[in-house]
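> what follows is a predicted structure for the sequence shown.
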Protein chains: 2
Amino acid sequence: MNELEPEHLKSAGLKSTLPRLKVLDLFKNGQARHMSAEDVYQLLRDSGDNVGLATVYRVLTQFEQAGLLVRHNFEGGKSVFELNEGTHHDHIVCMQCGHVEEFYDSAIESRQKKIAAELGFEIHDHTLQIYGDCTKTKCPHRR
Amino acid sequence: MNELEPEHLKSAGLKSTLPRLKVLDLFKNGQARHMSAEDVYQLLRDSGDNVGLATVYRVLTQFEQAGLLVRHNFEGGKSVFELNEGTHHDHIVCMQCGHVEEFYDSAIESRQKKIAAELGFEIHDHTLQIYGDCTKTKCPHRR
DNA sequence: GTCGCAAACGATAATCATTCTCATTTGCAT
DNA sequence: ATGCAAATGAGAATGATTATCGTTTGCGAC
């Protein structure tokens, strides 16, 4: 098991508690990059930790506000989170298997800045998702 | 009052009922272009119509499936709908007042197609929203 | 090291948007 | 006009998320 990093919590003004370290570890060392609150809850439960669902929601929101995680609202009605590694990117989501790929396109980014400026907006944030199928015939990430 | 257009419902395989005509009229002749289910419900109630919220949700979903309306999932947890006029566009949403502007950028569109192809995806749909403030100092659309 | 206390926790109730159920009403073809 | 399946309205049910509250815990002061 890799080392947990309570200093990240400290610097965010958050006490270094057990549930918070567990959640952070899941995102840093777990296998899934994008997880919903329920996903996190189930994974912690499966590994024998007695965490409450409410705590998971609280911690995810705090981590989002602290800039440790980024929240996405993909279709399907539940928020998914991923580690904030400082590099902005957009997402393309497979509607067959739920697989998520990330991409970054500087041309799209700069067009957005230009458009916002033209319309008199100051950008806070933006979100671009493409929904589709992994391939035309067979989804390689089917679960 | 402008004329309602039951033939749109007919061609979509939907009976031309009173609640459906009322909802369609709101989108065609109402003042707000983007409305949530609750918005539609309240507006119909305010104009004296005895519609049920469940019916509003049903009708909006049917209209979406029939291609009469487009559904958007902006931040805030509720779906908003707008008339489908055939022209795809993306949205920039003011986080102060909720005002929505539409835009279309062919450069962004073509980059998306290219990216999806490179990643082996067949695009079903995509959604791009920019969140920001109307202006730096004072929001002209504040309500 | 332990004491104290505010912060954080877990369980569960509450909330919010949305969907489902079902008895009643209504378009529409006969 | 009549019949009946489709549509409606009221309210219950659901799923995700948030608030409440009594208990536990991290951590600084002693």
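Looks like it arrived, so ask away.
> so for stretch A:10-26, what's the average pLDDT?
Confidence over stretch A:10-26 (mean pLDDT, whole number) is 91.
> show me which residues of that stretch are buried.
Within stretch A:10-26, the residues that count as buried by 16 or more other C-beta atoms under 10 Å in any protein chain shown are A:Leu14, A:Pro19, A:Arg20, A:Leu21, A:Lys22, A:Val23, A:Leu24, A:Asp25, A:Leu26. The way it works is simple: take the backbone N, C-alpha and C, and place the C-beta from them, glycine included.
> so how far is chain B from the last one?
Here the criterion is C-beta to the nearest C-beta, to the nearest Å. By it, A:Leu26 lies 25 Å from chain B.
> name the helices or strands packed onto the helix or strand hosting that residue?
Using DSSP states H and E, the element containing A:Leu26 is helix A:18-29. Helix A:18-29 is packed against helix A:6-11, helix A:37-46, helix A:53-65, strand A:80-83, with contacts defined by 3 or more C-beta pairs under 8 Å, 6 or more residues apart in numbering or on different chains; DSSP states H and E.
> run the last query once more with 10 Å
Judged by 3 or more C-beta pairs under 10 Å, 6 or more residues apart in numbering or on different chains; DSSP states H and E, helix A:18-29 is in contact with helix A:6-11, strand A:35-36, helix A:37-46, helix A:53-65, strand A:69-72, strand A:80-83.
> on that earlier part again, out of the buried residues of stretch A:10-26, the closest to chain B would be?
Distance to chain B across the buried residues of stretch A:10-26 (C-beta to the nearest C-beta) is lowest for A:Val23, with 22.4 Å.
> what pLDDT is listed against the residue located most distally from the centre of chain A?
Computed with C-alpha atoms, centre = their mean, the residue of chain A farthest from its C-alpha average is A:Glu118, at 30.4 Å. On the pLDDT scale, A:Glu118 is placed at 93.
> just A:Glu5 next, same as before
62.
> wait, A:Asp105 sits on B:Glu109?
No - counting by C-beta atoms under 10 Å, A:Asp105 stays clear of B:Glu109, with 12.0 Å between them.
> where in chain A is pLDDT low?
Applying pLDDT under 70 to chain A flags residues A:1-6, A:136-143.
> tell me which parts of it are close to DNA strand D?
Contacts of chain A with DNA strand D, taken as C-beta under 7 Å from any atom of the strand, map to A:6, A:15-18, A:36-38, A:53-54, A:57, A:61, A:77-79.
> can you pick out the most distant pair from these?
By the measure C-beta to C-beta, A:Pro6 and A:Gly77 form the most distant pair in the residues of chain A next to DNA strand D, at 33.2 Å.
> more crowded one of those two?
A direct count of neighbours by other C-beta atoms under 10 Å in any protein chain shown for A:Pro6 and A:Gly77 places A:Pro6 higher, at 15 against 10.
> relative to the top strand by length along chain A, what are the paired strands and their orientations?
When chain A is parsed with DSSP state E, its longest strand is strand A:122-133. Next to strand A:122-133 in the sheet, as set by DSSP bridges, lie strand A:90-94 (parallel), strand B:122-133 (antiparallel).
> buried stuff in it?
Across strand A:122-133, burial judged by 16+ other C-beta under 10 Å covers A:His126, A:Thr127, A:Leu128, A:Gln129, A:Ile130, A:Tyr131, A:Gly132, A:Asp133.
> same list (those residues) but as CSV, adding distance to B:Val70.
Listed next are these as CSV, based on distance: C-beta to C-beta, whole Å:
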residue, distance to B:Val70
A:His126, 19
A:Thr127, 17
A:Leu128, 17
A:Gln129, 15
A:Ile130, 16
A:Tyr131, 14
A:Gly132, 18
A:Asp133, 21
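> between those, which is closest to B:Cys97?
Nearest member of those to B:Cys97, counting by C-beta to C-beta, is A:His126, at 17.9 Å.
> now do that closest one against B:Gly76, distance only.
In this structure, A:His126 and B:Gly76 are 15 Å apart, going by C-beta to C-beta, to the nearest Å.
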